[in-house]
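> Make a model of this:
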Amino acid sequence: MSEPTYLGLDVGGTKLAAVVADEHGAILHKERRPTDSARGPDPIITDLIGMVNAVASKAGIAPQDTKGLGVSFGGLFDTRNGVSGSVPNLPGWEGVPLRRKLESAFPNVRIEIDNDANATALAEWRFGAGRGFNHVLYLTMGTGIGGGIVSDGRLIRGANDSAGEIGHTCLVPDGPPCGCGKRGCLEAFCSGPSIARRAQEKLRAGMSGGDLLDHAGVALNELRTEHLLDGAQRGNRFCLDHFRETARYMGWGIANAVSLLNPEVVVLGTVATAAGNLFLEPLREEVRRFAVDRSGQLAQILPAALGDRVGDIAAIALVFEG
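Next up, the predicted model:
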């Protein structure tokens, strides 16, 4: 009897990826190409179908012989009706019946689709830093603050697939504007672009950045979070202080989530993983300080473990869930 295999699709605004994996999460074959989002949904879905068939062929299997196809979708997704929501980097996708289109292309294949934050939460729980825990909160600090909640091995999606939006909890009423249209959200302080924006504002106001801009070789308006992280790792005082301030903001948001959800572990990806303990240690202090004692003392704060594989593993993790 052959080993069980799993198919996955990672659908984002800049890239598409299709994989076939084994029951341990090892990627056996992969296809990747740019999204070319300007073409609209139908040509992209045609690409996705072709990519699935290509990786299945490389593995010497038919799609219907696998355990199923998981799709990690880079935007809102209505899991009940199988329809995509609005996606900033994928124009024209709102209301697209993605599940029905894939079911038509792959009859007799189980298909599971969810937004990428939920899919990544499952991936880190099953294969990454959350392995061995029953109650996991996952947060990413990328372009936005995305989140996913796993409790007793199941995703908590909420009444209309909106659970886990920790990034849009309010830290400071009337604070900086957020992409969601409100103000003072955690995302407006701690997403990658927000971290850079706050640093630019400080420097424009006259705060000394030491050799930051000269070493990075960029103008002030080109300063990015990766430049700040490089500076912090070199010991630049401005950058170290800025990351500690960011850790305080992020710690407050996580403390609120910990008090509400009582997870055993909070797994942090993207910026937090890259920054390591210079960011995580002050963040842990804030969580212990502000969360309810029983929850705050229990919850471990860990960096994500899947690295560059996370998109691929997230897609197949959705099939493991059922």
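
> May I see the domains of this structure written out as residue ranges?
In terms of domains, the chain is parsed into 5-122+309-321, 131-305 (source: automatic domain parsing).

> Helices along the stretch 101-250 of the chain, start to end?
116-127, 187-190, 192-204, 212-216, 225-233, 237-261 (DSSP state H, counting those that start in this stretch).

> could those go into CSV alongside mean neighbour count?
In short, each C-beta sits where N, CA and C put it, glycine included. Formatted as CSV, those follow (neighbours: other C-beta atoms under 10 Å):
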stretch, mean neighbour count
helix 116-127, 28
helix 187-190, 26
helix 192-204, 18
helix 212-216, 16
helix 225-233, 20
helix 237-261, 21
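
> Switch those helices over to a markdown table; also include mean pLDDT and distance to Leu28.
Output for those, formatted as a markdown table (pLDDT from 0 to 100; distance: least, C-beta to C-beta, whole Å):
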| stretch | mean pLDDT | distance to Leu28 |
| --- | --- | --- |
| helix 116-127 | 96 | 15 |
| helix 187-190 | 98 | 36 |
| helix 192-204 | 98 | 32 |
| helix 212-216 | 97 | 40 |
| helix 225-233 | 97 | 32 |
| helix 237-261 | 98 | 35 |
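
> which stretch among those helices comes nearest Arg294?
helix 237-261 (9.3 Å; C-beta to C-beta).

> Can you get me the centre-to-centre distance for the closest one and its chain?
18 Å (C-alpha atoms, centre = their mean, to the nearest Å).

> Remind me what it packs against, helices and strands.
Applying 3 or more C-beta pairs under 8 Å, 6 or more residues apart in numbering; DSSP states H and E, we find helix 237-261 packed against strand 135-141, strand 145-151, helix 187-190, helix 192-204, helix 225-233, strand 265-270, helix 277-290, helix 293-298.

> got a list of contacts for the fifth one?
By C-beta atoms under 8 Å, 6 or more residues apart in numbering, the residues outside helix 225-233 that reach it are 192-193, 195-196, 199, 209-210, 212, 215-216, 218, 238-240, 242-243, 271, 274-275, 278.

> what about 10 Å?
Outside helix 225-233, the residues within contact range by C-beta atoms under 10 Å, 6 or more residues apart in numbering are 141-142, 191-199, 209-213, 215-218, 223-224, 236-244, 246, 270-271, 274-276, 278-279.

> Output it as CSV - backbone C-alpha positions only.
Taking C-alpha atoms only, helix 225-233 is exported to CSV below (Å, rounded to 0.1, in the frame of the first residue of the first chain):
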residue,chain,number,x,y,z
THR,A,225,11.9,47.3,8.9
GLU,A,226,14.7,45.1,7.6
HIS,A,227,17.1,48.1,7.8
LEU,A,228,16.0,48.7,11.4
LEU,A,229,16.5,45.0,12.3
ASP,A,230,20.0,45.0,10.8
GLY,A,231,20.8,48.1,12.9
ALA,A,232,19.5,46.5,16.0
GLN,A,233,21.6,43.4,15.5
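
> Now do that helix and helix 192-204, the angle between them.
70 degrees (axes from the mean of the first three to the mean of the last three C-alpha atoms, to 10 degrees).

> I'd like the distance between Gly130 and Pro34.
Counting by C-beta to C-beta, to the nearest Å, the gap from Gly130 to Pro34 is 31 Å.

> Likewise for Glu23?
Distance, Glu23 to Pro34, by C-beta to C-beta: 30 Å.

> Please identify which of these two sits among more neighbours.
Glu23 (12 against 9; other C-beta atoms under 10 Å).

> list the contacts for the more buried one?
Here Glu23 is in contact with 3-6, 67, 316, 320 (C-beta under 10 Å, 6+ apart).

> of those, closest to Arg154?
Using C-beta to C-beta, the contacts of Glu23 come closest to Arg154 at Phe320, 11.5 Å.

> Identify the residue nearest the closest one in space, chain neighbours excluded?
For Phe320, ignoring the flanking residues on the chain, the nearest one in space by C-beta to C-beta, 6 or more residues apart in numbering is Arg126 at 6.0 Å.

> Next: Leu155.
Asn118 is the one closest to Leu155 (C-beta to C-beta, 6+ apart), at 5.4 Å.

> Same list, the helices of the stretch 101-250 of the chain, but as CSV with distance to Lys30 please.
As requested, the helices of the stretch 101-250 of the chain are exported to CSV (distance: least, C-beta to C-beta, whole Å):
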stretch, distance to Lys30
helix 116-127, 15
helix 187-190, 31
helix 192-204, 26
helix 212-216, 33
helix 225-233, 26
helix 237-261, 32
